[in-house]
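Participant: fold the following, please.
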Amino acid sequence: MSFNGKFVLESQENYKEFLKAIGASQVELENEDIVTDLYQEDFIRIAKFFGNESLTNTFLLGKEAEIDDLDGTTFKTTINLDGGKIKIQYPKYVYTAEVSGDKLTEINSIPGGITNKMISKREVE
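Facilitator: Purely as a prediction, here's the structure:
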């Protein structure tokens, strides 16, 4: 599965609740403000654009990488591909991303807590 493309958020569930639960509630976003740019070659880059702010993480699958979280922390983790989905274990939650056709589905799950689901559509250039 190729993780290439620019995706614009169409719908989301529990996003503000999720941000508050991980301590990143200072990021106030609206649906139309979130764009995800995925790039895959030898490495994978996930760039998220929130209006005037952005967050970019670049990594090799199966190798330890230093990445940034929405709450501003930097940590080391190993990113894997699990059933065709990118899976990242953050300190407070698990992130998965899957591209199917022209849709990107991202799920942020806090164990025993809130699950945030975001569905984005591939932007046609």
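Participant: where do the strands sit along the protein?
Facilitator: With strands called from DSSP state E, the chain shows them at 5-13, 34-40, 44-50, 53-59, 64-68, 74-78, 80-82, 85-89, 94-100, 103-109, 115-122.
Participant: quick one: which of the ones you listed is nearest residue 20?
Facilitator: Set against residue 20 and scored by CB to CB, those come closest in strand 115-122, at 10.8 Å. (Glycine included, C-beta is placed from N, CA and C.)
Participant: save the strands of the chain as a markdown table, and put in mean pLDDT, distance to residue 22 and mean neighbour count too.
Facilitator: Formatted as a markdown table, the strands of the chain follow (pLDDT from 0 to 100; distance: least, CB to CB, whole Å; neighbours: other CB atoms under 10 Å):
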| stretch | mean pLDDT | distance to residue 22 | mean neighbour count |
| --- | --- | --- | --- |
| strand 5-13 | 93 | 15 | 17 |
| strand 34-40 | 91 | 16 | 18 |
| strand 44-50 | 91 | 14 | 18 |
| strand 53-59 | 91 | 13 | 14 |
| strand 64-68 | 94 | 13 | 14 |
| strand 74-78 | 95 | 13 | 12 |
| strand 80-82 | 89 | 21 | 12 |
| strand 85-89 | 94 | 13 | 18 |
| strand 94-100 | 95 | 11 | 17 |
| strand 103-109 | 96 | 8 | 19 |
| strand 115-122 | 95 | 10 | 18 |
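Participant: let's have those strands in TSV, adding distance to residue 20.
Facilitator: Output for those, formatted as TSV (distance: least, CB to CB, whole Å):
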stretch	distance to residue 20
strand 5-13	14
strand 34-40	17
strand 44-50	16
strand 53-59	17
strand 64-68	19
strand 74-78	20
strand 80-82	27
strand 85-89	20
strand 94-100	17
strand 103-109	12
strand 115-122	11
